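Novice: The following block contains a protein sequence and its predicted model.
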Amino acid sequence: MLGRLTRWLRLLGFDTLYYPDISDSRLLRVAREEERLILTRDTRLIKIKGVKDYLLIKANDSFKQLLEVIDTLKIEEFKPLSRCVKCNGLLGRLLNKSEIKDSVPEFVFLNFNLFLKCSGCGKVYWEGTHPEKFREKLSEVLK
């Protein structure tokens, strides 16, 4: 339901869990046990007894949803590119790029020097065109 919003929140550095097929009872249990805020568009879910910490997302567009979260929660600090968009793991800078030689295309290995690797799933990130497009879109969204 909010998969794209999840990716944007992770790109901004927020610890964001996303389970597309989770049952309501398990979702509520995880949120309660880990003291998490539930972001949802499901009005039925918030009517369940015991649901306290939630934000009902009204917008359909993922960028408008992002703005809605930032505005409602009054978020002012971000840690861009510190979390993996795939699994939510923390990204760490690789000091020796030879560690990822077989994990990235040869062109990327030869032409880039800054690499980040996810501590969770091992996905490798580098300063290609995506971060620049991300920054442009983010500045557009946060105007």
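Specialist: Alright, I've got the coordinates. In this text the structure is predicted, and so the values were computed from the model without any measurement.
Novice: what ranges do the strands span in this structure?
Specialist: Per DSSP state E, the chain carries strands over the ranges 38-40, 54-56, 91-93, 115-118, 124-126.
Novice: between those, which gets nearest to V104?
Specialist: Nearest of the strands of the chain to V104, taken as C-beta to C-beta: strand 124-126 at 5.6 Å. In this view, the C-beta of every residue, glycine as well, is placed from N, C-alpha and C.
Novice: if we can go back for a sec, and the strands of the chain: which comes nearest R4?
Specialist: In terms of C-beta to C-beta, the element of the strands of the chain nearest to R4 is strand 38-40, at 12.0 Å.
Novice: Can you redo the strands of the chain as JSON lines, where the extra columns are mean pLDDT?
Specialist: Output for the strands of the chain, formatted as JSON lines (pLDDT from 0 to 100):
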{"stretch": "strand 38-40", "mean pLDDT": "95"}
{"stretch": "strand 54-56", "mean pLDDT": "94"}
{"stretch": "strand 91-93", "mean pLDDT": "95"}
{"stretch": "strand 115-118", "mean pLDDT": "94"}
{"stretch": "strand 124-126", "mean pLDDT": "90"}
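Novice: want to throw these into a markdown table with distance to F14 and mean neighbour count?
Specialist: Shown next, in a markdown table, are the strands of the chain (distance: least, C-beta to C-beta, whole Å; neighbours: other C-beta atoms under 10 Å):
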| stretch | distance to F14 | mean neighbour count |
| --- | --- | --- |
| strand 38-40 | 10 | 19 |
| strand 54-56 | 13 | 15 |
| strand 91-93 | 13 | 14 |
| strand 115-118 | 15 | 20 |
| strand 124-126 | 17 | 19 |
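Novice: Just put those strands in TSV and tack on distance to L17.
Specialist: What follows is those, written out as TSV (distance: least, C-beta to C-beta, whole Å):
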stretch	distance to L17
strand 38-40	10
strand 54-56	14
strand 91-93	17
strand 115-118	15
strand 124-126	20
